[in-house]
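1. Let me see the structure of the following:
(one chain, ligands or ions: 1)
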Amino acid sequence: MAITFSVELTPKRPISKHYNVVMIGAGTGGIMIAAQLKNKKNDLRIAIIDPAETHYYQPAWTLVGAGIFDYEKTGRPMKSIIPAGCDWIQDAVT
Ligand SMILES: Cc1cc2nc3c(=O)[nH]c(=O)nc-3n(C[C@H](O)[C@H](O)[C@H](O)COP(=O)(O)OP(=O)(O)OC[C@H]3O[C@@H](n4cnc5c(N)ncnc54)[C@H](O)[C@@H]3O)c2cc1C
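-> All right, here's what the predicted structure looks like:
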C-alpha cells in the first residue's frame, strides 16, 4: 500500500522523517484508523499530528453531563494512546 500526500506544516522543529501515512488529529477517528492500518501492515510508517496534550473520550461526556462519571476520567495523556510504532508529532496543521 502506498498512500502519499503532503500537508502544509508550521513545525516547531524541522521534520526530517518520511511517512507512508500522515494522520491529522489524534481523536478517536485518527487513533482508530492508525491502529487498524498498523495492525494490517506493520511496516507502514505512520505519523499522527495533534497539538493536544490530552486525548478525550467524548462519548463519556454524556455520562459526565448526567452526573454519573468524572470528567477527569475522560481524558488520558496523548502519548499513552498513540498506537505502538506510530510517531506523534505534537503540532497543529494549518
Ligand atoms: C457529548 C458527546 C457524546 C458522544 N457520544 C457518542 C456515542 O455515544 N457514540 C459515538 O459513536 N459517538 C459519540 N460522540 C461522537 C464521537 O465522540 C466523535 O464522533 C468522535 O470523537 C470524533 O472523532 P474525531 O477523531 O473525528 O474527532 P475528535 O475526537 O474531536 O478529535 C479531533 C482531534 O483533532 C485535533 N486537532 C484539531 N485541530 C487540529 C489541527 N489543526 N492540527 C492537528 N490536529 C488538530 C484535536 O486536538 C483532537 O485531538 C459523542 C460526542 C460528544 C461530544
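
2. where do the helices sit along the chain?
-> 28-40, 60-65, 78-81 (DSSP state H).

3. Quick check: which of those helices is buried the most?
-> Scoring those by mean neighbour count under mean count of other Cβ atoms under 10 Å gives helix 28-40 as the most buried, with a mean of 15. C-beta: built from backbone N, CA, C; applies to glycine.

4. And that helix, how far out from the chain middle?
-> What separates the centre of helix 28-40 from the centre of its chain is 9 Å, taken as Cα atoms, centre = their mean, to the nearest Å.

5. Please produce JSON lines containing the helices of the chain, extended by distance to the ligand and mean pLDDT.
-> Conversion of the helices of the chain to JSON lines gives the following (distance: least, Cβ to the nearest ligand atom, whole Å; pLDDT from 0 to 100):
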{"stretch": "helix 28-40", "distance to the ligand": "3", "mean pLDDT": "97"}
{"stretch": "helix 60-65", "distance to the ligand": "4", "mean pLDDT": "98"}
{"stretch": "helix 78-81", "distance to the ligand": "8", "mean pLDDT": "97"}
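
6. wait, Ile82 sits on Ile48?
-> Yes. If you go by Cβ atoms under 8 Å, Ile82 and Ile48 touch, sitting 6.1 Å apart.

7. Spell out which parts of the chain neighbour the ligand.
-> Proximity of the chain to the ligand is confined to 24-30, 49-52, 58-59, 61-62, 92-93 under the rule Cβ under 6 Å from any ligand atom.
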